[in-house]
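S.K.: What would the 3D arrangement of this be:
(one chain, ligands or ions: 3)
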Amino acid sequence: MSARKSMETFAHDCAGCNLCVKNCLFLQQYGNPGDIVRQVLEGSLDKEIAFQCSLCGLCAATCPKGLNPAGIFLHMRQMVFEENQKVFAEHKQIMAYEQRGLSKRFSLYTIPKNCTQVFWPGCALAGTRAKRTLQVYAWLKTRVPNLGIVLDCCAKPSHDLGRKAFFQSNFSSQEQFLEQHGVQGVITACPNCYRIFATYAQKLAVRSAYDLMAETWPDDRVLTGQVTIHDPCGTRCNQDIHASVRQLVRKTGLEIHEMPHSGEKTICCGQGGTVYPVAPPLALNWQSRRKAEAGNRKVITYCAGCCEFLGKSMNTSHVLDLLFEPQQTMNNRVKSTVSPFTYLARLWLKSRLTSSNRKDVLEKELPVNTCTRSGISPARLLVLLFIVAGIVGARIAGVDGLATQENIHRLVGEFGILAPAAFILLVTLAPAFFLPGAPFIIAGGVIFGPVWGVVYGITGATTGACLAFLVARYVASDWVEKKMTNPCFLKLKQQTEQHGWKIVAFTRLVPLFPFNLLSYALGLTRIKFSTYFFTSFICMLPGCVAYILLSSSLFDLLQGKWSTQCLAGIGLLVLLAFLPMVVKKYVPQGLKNKEL
Ligand code: SF4
Ligand code: SF4
Ligand code: SF4
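M.R.: Numbering: from 1, shown residues only. Ligands and ions are numbered 1, 2, ... in the order given. Now for the predicted structure:
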């Protein structure tokens with residue numbers, strides 16, 4: 001049935017009894033679902049209001065006629081996406097989150113021999129509780145022989161935002177891949193993933209990790225007191241899971257006080273349906289309603305997303321934390337990882353799983369229509385890591401007050417010529433190991449200050465770029481040539497031979513290529529070394545100065561001071577960000593629109 005036909009049928013069937021309206025903050029604003037659908041069909045109401053519905057399904061659980069308004073609002077979202085072919089600007093962040101989850105860098109398929117079941121923890125649990133995910137996996141392995149593990153995203157954000165075609169092609173490619181490798185079932189700890197698998201999987205069976213755990217988890221009863229339980233919307237209709245989670249909580253010794261809305265009649269935590277970015281007050285009203293029902297009791301939930309959202313305004317813990325660290329959890333001593341560090345936690349988890357199961361790791365094709373690169377490059381991650389580690393380290397050590405440029409200079413001065421020599425050597429050798437140069441340059445600003453930082457930084461960066469160029473030209477041209485299979489590099493070679501220094505300048509100023517690869521690639525062209533050297537030096541200088549100006553004022557920033565050099569660094573970085581637009585006007589025809 002077409003979306004329009006479903007809406008017409010729905011408008012006809014809805015009795016307008018308003019029973020669903022009583023429980024729903026969204027419907028209380030816009031009227032009952034039948035009226036909303038009729039107005040949308042007549043054109044007097046914009047179907048974009050569907051993005052304010054949490055897709056929580058409480059209305060369907062309430063409707064005496066067995067209608068599913070949430071399904072109709074999802075149809076409307078799909079229609080909006082089909083018309084616009086893009087998501088709203090407000091949803092870009094969640095799409096970037098999904099894209100990273102689906103990228104090669106974050107996903108992992110570990111399927112051992114004779115594996116028929118895999119653990120699918122879900123992105124939110126893996127990011128907020130990477131160590132816990134390992135613990136749960138280890139525990140499940142003792143119950144399920146040859147259990148594999150998959151770190152991937154079920155693309156529920158796309159599902160909820162109406163990207164139906166992409167969601168379906170992604171999900172079916174995941175299901176097919178698992179099936180081709182003998183997997184028959186998925187065990188998940190994410191209620192949203194559970195719903196996605198239960199609704200869309202054709203052949204795979206889905207089980208909740210909580211059902212499995214409830215069967216054999218020890219009845220320790222080490223705790224006393226009372227908590228309440230927030231059931232996530234994703235598993236609203238799964239009474240077995242509700243019962244399993246309660247059984248697990250009781251096994252710790254805690255008593256459960258039920259909230260007015262629980263189990264099948266649970267309400268949204270506020271995060272459902274990605275409502276928050278388009279209607280923050282509505283999302284926060286759901287959260288407040290939950291808070292009012294919970295009173296002063298601690299809330300236990302089993303969705304990492306709900307836990308994070310509710311945790312912003314009330315005492316909330318994940319049931320897995322409660323099971324593995326009962327006392328600490330009740331004393332609120334268990335900390336979860338918060339965004340953006342969740343990405344680092346996921347990379348850490350992936351590397352742990354990869355190193356301990358290397359022979360079982362399988363390569364899976366990426367879904368079509370998804371960028372192969374995630375938004376975070378290794379260079380950016382490393383820079384972020386350096387800065388955050390520096391600030392946090394200084395704060396923890398309580399030395400942020402002592403960390404002044406003068407003290408650092410004094411310390412470095414004790415090493416004499418050795419300090420700049422070692423620094424230049426590091427920056428020079430970074431390209432040889434494909435290490436990003438930016439973190440070293442930033443460190444140069446902190447260690448040597450704005451003037452000598454630039455001198456040493458640009459010396460090392462230019463020497464490193466020249467070394468890579470010379471290695472590619474005279475030492476390992478065959479090896480480098482084999483690496484440059486991307487058609488873009490072949491085009492780069494042709495264009496450099498035709499336009500000479502302009503291409504070097506253009507590619508140094510506009511980051512079309514990874515910096516280190518570019519140095520090697522240019523070594524394969526017939527451009528003169530002196531031309532390459534001078535052009536690279538001049539075009540790398542502005543970026544180097546900007547980074548050094550910023551990083552040399554890091555300690556002033558730590559002490560809350562905005563120095564002139566810091567503002568100059570930010571200004572220069574902003575100018576550099578606009579440079580590609582200016583530079584493109586002057587590049588030869590054939591290089592515009594990233595034709596390289
Ligand atoms: S799905 Fe939830 S938010 Fe949407 S209409 Fe139904 S009850 Fe309201
Ligand atoms: S409860 Fe069902 S019939 Fe009543 S207004 Fe809601 S959708 Fe319509
Ligand atoms: S539903 Fe699960 S896998 Fe999908 S986005 Fe959410 S946490 Fe990730």
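S.K.: how does this structure divide into domains?
M.R.: Domain assignment of the chain by automatic domain parsing yields the ranges 3-85, 96-214+350-362, 221-330, 378-594.
S.K.: Would you mind saying which of the ones you listed lies nearest ligand 1?
M.R.: Proximity to ligand 1 (Cβ to the nearest ligand atom) singles out domain 3-85 among the domains of the chain, at 3.2 Å. (Glycine included, C-beta is placed from N, CA and C.)
S.K.: Report the mean per-residue pLDDT for that closest one.
M.R.: The pLDDT scores in domain 3-85 average 96.
S.K.: Are it and ligand 3 in contact anywhere?
M.R.: No: using Cβ under 6 Å from any ligand atom, domain 3-85 never reaches ligand 3; the gap is at least 12.3 Å.
S.K.: gap between the two ends of that domain?
M.R.: End-to-end distance for domain 3-85: 17 Å, by Cα to Cα, to the nearest Å.
S.K.: For residue 365, grab phi and psi.
M.R.: The phi and psi values for residue 365, taken as degrees, to the nearest 10, are phi -60, psi 150.
S.K.: now the nearest residue to it once chain neighbours are set aside: how far from residue 544?
M.R.: Spatial nearest neighbour of residue 365, excluding adjacent residues (Cβ to Cβ, 6 or more residues apart in numbering): residue 173 at 7.1 Å. Going from residue 173 to residue 544 by Cβ to Cβ, to the nearest Å gives 43 Å.
S.K.: Report the central residue of this structure.
M.R.: For the chain, residue 97 is the residue whose C-alpha lies nearest the centre (Cα atoms, centre = their mean; 3.6 Å).
S.K.: Quick check: that one vs residue 158, distance?
M.R.: 11 Å.
S.K.: And for residue 103?
M.R.: 14 Å.
S.K.: These two: who's more crowded?
M.R.: residue 158 (28 against 19; other Cβ atoms under 10 Å).
S.K.: wait, does the helix or strand harbouring the more buried one make contact with ligand 3?
M.R.: Here residue 158, judged by DSSP states H and E, is contained in helix 156-160. Yes: for helix 156-160, a contact with ligand 3 is found by Cβ under 6 Å from any ligand atom, at 156, 157.
S.K.: Near residue 67, how many other residues are there?
M.R.: Residue 67: 20 neighbours (other Cβ under 10 Å).
S.K.: Which secondary structure state is assigned to it?
M.R.: coil (DSSP: H, G, I helix; E, B strand; the rest coil).
S.K.: And it, how far from residue 33?
M.R.: From residue 67 to residue 33 the distance is 7 Å (Cβ to Cβ).
S.K.: Residue 150 now?
M.R.: 36 Å.
S.K.: Surely residue 305 and residue 192 touch.
M.R.: Yes: assessed by Cβ atoms under 8 Å, residue 305 is found in contact with residue 192 at 7.0 Å.
S.K.: shared neighbours, these two?
M.R.: By Cβ atoms under 8 Å, 6 or more residues apart in numbering, residue 305 and residue 192 have these common neighbours: residue 232.
S.K.: Which one of these two is surrounded by more residues?
M.R.: Each of residue 305 and residue 192 has its neighbours counted (other Cβ under 10 Å); residue 192 has more, 25 against 22.
S.K.: hang on, that one in a helix?
M.R.: Yes: counting by three-state DSSP, residue 192 is found in a helix.
S.K.: shouldn't it be in contact with residue 155?
M.R.: No: between residue 192 and residue 155 there is no contact under Cβ under 8 Å: 10.8 Å.
S.K.: low-scoring pLDDT stretches of the stretch 351-500 of the chain, where are they?
M.R.: 367-407, 434, 482-491 (pLDDT under 70).
S.K.: which residues in it form helices?
M.R.: Using DSSP state H, counting those that start in this stretch, the helices of the stretch 351-500 of the chain run over residues 378-397, 405-413, 418-429, 438-470, 477-483, 487-499.
S.K.: picking that back up, can you list residues touching both of residue 67 and residue 33?
M.R.: Taking Cβ under 8 Å, 6+ apart as the contact criterion, the common neighbours of residue 67 and residue 33 are 10, 14, 59.
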